[in-house]
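Chemist: this one's sequence-less:
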């Protein structure tokens with residue numbers, strides 16, 4: 001799949017899986033709106049993506065913050081083609097056991 005000219009919104013995009021997805025989309029010529037609560041992580045991790053990533057500090061547990069961010073992204077990007085949810089926190093431990 002090509003992400004060229006795609007406008008994507010990625011929650012949890014300032015680190016981990018979300019950052020990996022954001023990096024791939026930007027590297028293929030797309031643009032990403034990164035929603036994340038952690039501004040410090042975004043400042044560090046999104047620096048290499050400065051030409052294709054825009055950060056929006058959002059607590060996704062707040063409906064109002066998400067609504068406001070999506071309105072702002074729609075205005076900034078003109079359209080949204082793809083929304084990817086990668087937000088969440090997992091502590092150390094097993095995901096699955098037998």
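Modeler: That came through, no problem. Because the structure is predicted, anything quoted here is derived from the model rather than measured.

Chemist: Okay, now the unreliable bits of the protein?
Modeler: Applying pLDDT under 70 to the chain flags the ranges 89-98.

Chemist: Scan it for its longest helix.
Modeler: helix 63-77 (DSSP state H).

Chemist: Name the residues of that helix that are buried.
Modeler: Neighbour-count burial for helix 63-77 flags 65, 66, 69, 70, 73, 77 (criterion: 16 or more other CB atoms under 10 Å). The C-beta positions use only the backbone N, C-alpha and C, and glycine is treated the same way.

Chemist: So the second one sits against residue 72, correct?
Modeler: Same thing as residue 66. No - if you go by CB atoms under 8 Å, residue 66 and residue 72 don't touch, sitting 10.8 Å apart.

Chemist: about what we covered before: what would the buried residues of helix 63-77 look like in JSON lines with distance to residue 17?
Modeler: Putting these into JSON lines (distance: CB to CB, whole Å) gives the following:
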{"residue": "65", "distance to residue 17": "21"}
{"residue": "66", "distance to residue 17": "19"}
{"residue": "69", "distance to residue 17": "20"}
{"residue": "70", "distance to residue 17": "21"}
{"residue": "73", "distance to residue 17": "20"}
{"residue": "77", "distance to residue 17": "22"}
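
Chemist: ok, of those residues, which one's closest to residue 1?
Modeler: residue 77 (19.3 Å; CB to CB).

Chemist: hang on, the earlier thing: what packs against whatever helix or strand comes next after the longest helix of the chain?
Modeler: As assigned by DSSP states H and E, the chain's next helix or strand after helix 63-77 is strand 82-85. With contacts defined as 3 or more CB pairs under 8 Å, 6 or more residues apart in numbering; DSSP states H and E, the packing partners of strand 82-85 are strand 7-11.

Chemist: The strand it packs on pairs with which strands?
Modeler: The strands that strand 7-11 pairs with in its sheet are strand 31-36 (parallel), strand 82-85 (parallel) (by DSSP bridges).

Chemist: Name the next helix or strand following it along the chain.
Modeler: With DSSP H and E, the next secondary element past strand 7-11 is helix 16-27.
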